[in-house]
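**Q** next come a sequence and a model predicted from it.
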Amino acid sequence: MTKKKVYIVGAGPGDVAYLTVKAYRLLASAEVLIYDALVDKELLECVPPNCLKLDVGKRGGKPSTPQGEINSLLVKYCRECQQVVRLKSGDPFIFGRCISEIEALKSAGCEYEVIPGISSALAAPLLAGIPLTDTVLSRCFAVLTAHEPEVLDWEALSRLETLVILMGGKNLAEIVHQLLRYGKSQSTPIAIIRWAGTPSQEIWTGELGNILTKTTGLYLSPSVIVIGEVVGLRKFL
């Protein structure tokens, strides 16, 4: 039998329209699809009818498939000479937890290829009308995850012109607290973009000083948070 590969594929921010052509072609020929929780269900219709579809998504606070089990599934189906697509939201190498899976495949002698996707870190601000760079307001930006805010260097981050924060919805209060603590102005603009690139997209804007009040009682995950003066350009763009 012909040896098959495991393709680790970035699904983009959500809507099937933002899938790359290469990713679409791989889905169309997949024999096994192993996908994450945040992947748009419309993407599941891109695979052949006889494709085996396995949901291994991880969600905070809910039961999830252990990483070791995911690794074993990838190796198992590759060894069975199946064409495997491991579908991840966004881009696989931006907070995609790929290293463990790649190590498992290499150890098992399985061939693999990583296919880039459009990260929500880039797509969400654009879809909200927020440029991450500007010749005056933002000559650099940083992308970070606030899943574990206690390990971040907030003093250094507070000096940057633009921040793009993933997995920060549940820790919004801590993010605001730390940035104000290290010198960010209360009037610094902030935008929260939930479910970017999908029909459910929602956007809240405000300032560091009032965003907690504006979002009281709202469920903000999954979201991309943009902090910086470029957020103010949204009303023009």
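**A** Received, thanks. Numbers count the residues shown, from 1 in each chain.
**Q** please count neighbours and contacts with C-alpha atoms only from this point.
**A** Noted.
**Q** mind listing the strands for this structure?
**A** Secondary structure of the chain (DSSP state E): strands located at 5-10, 32-35, 52-55, 84-88, 111-115, 142-145, 163-166, 189-194, 202-207, 223-227.
**Q** who wins for proximity to residue 127 among those?
**A** strand 189-194 (9.0 Å; C-alpha to C-alpha).
**Q** who does the helix ranked longest in the chain touch, helix- and strand-wise?
**A** If you go by DSSP state H, the chain has its longest helix at helix 67-79. In terms of contacts (3 or more C-alpha pairs under 8 Å, 6 or more residues apart in numbering; DSSP states H and E), helix 67-79 is packed against strand 5-10, strand 84-88, helix 99-107.
**Q** can you mark which positions in it are buried?
**A** By 16 or more other C-alpha atoms under 10 Å, the buried positions in helix 67-79 come out as 70, 71, 73, 74, 75, 77, 78, 79.
**Q** quick check: mean pLDDT of that helix?
**A** When pLDDT is averaged along helix 67-79, the result is 96.
**Q** now do stretch 105-118
**A** pLDDT averaged over stretch 105-118 gives 97.
**Q** what do you get for stretch 22-29?
**A** 97.
**Q** buried ones in it?
**A** Neighbour counts over stretch 22-29 (16+ other C-alpha under 10 Å) mark 23, 24, 26, 27, 28 as buried.
**Q** same list (those) but as JSON lines, adding distance to residue 157.
**A** Shown next, in JSON lines, are these (distance: C-alpha to C-alpha, whole Å):
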{"residue": "23", "distance to residue 157": "34"}
{"residue": "24", "distance to residue 157": "37"}
{"residue": "26", "distance to residue 157": "38"}
{"residue": "27", "distance to residue 157": "38"}
{"residue": "28", "distance to residue 157": "42"}
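**Q** of all those, which comes closest to residue 231?
**A** Using C-alpha to C-alpha, the buried residues of stretch 22-29 come closest to residue 231 at residue 23, 31.4 Å.
**Q** ok, the closest one - contacts?
**A** Neighbour list for residue 23: 9, 10, 11, 115 [criterion: C-alpha atoms under 8 Å, 6 or more residues apart in numbering].
**Q** buried subset of those residues as a PyMOL selection?
**A** Of these, the buried ones can be selected in PyMOL as follows, counting by 16+ other C-alpha under 10 Å:
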select buried, resi 9+10+11+115
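**Q** pull the most distant pair out of the contacts of residue 23.
**A** 11 and 115 (9.2 Å).
**Q** residues near the closest residue to residue 221 other than its chain neighbours, how many?
**A** Spatially, and ignoring its direct neighbours in sequence, residue 221 is nearest to residue 169 (5.2 Å; C-alpha to C-alpha, 6 or more residues apart in numbering). By other C-alpha atoms under 10 Å, 22 other residues sit near residue 169.
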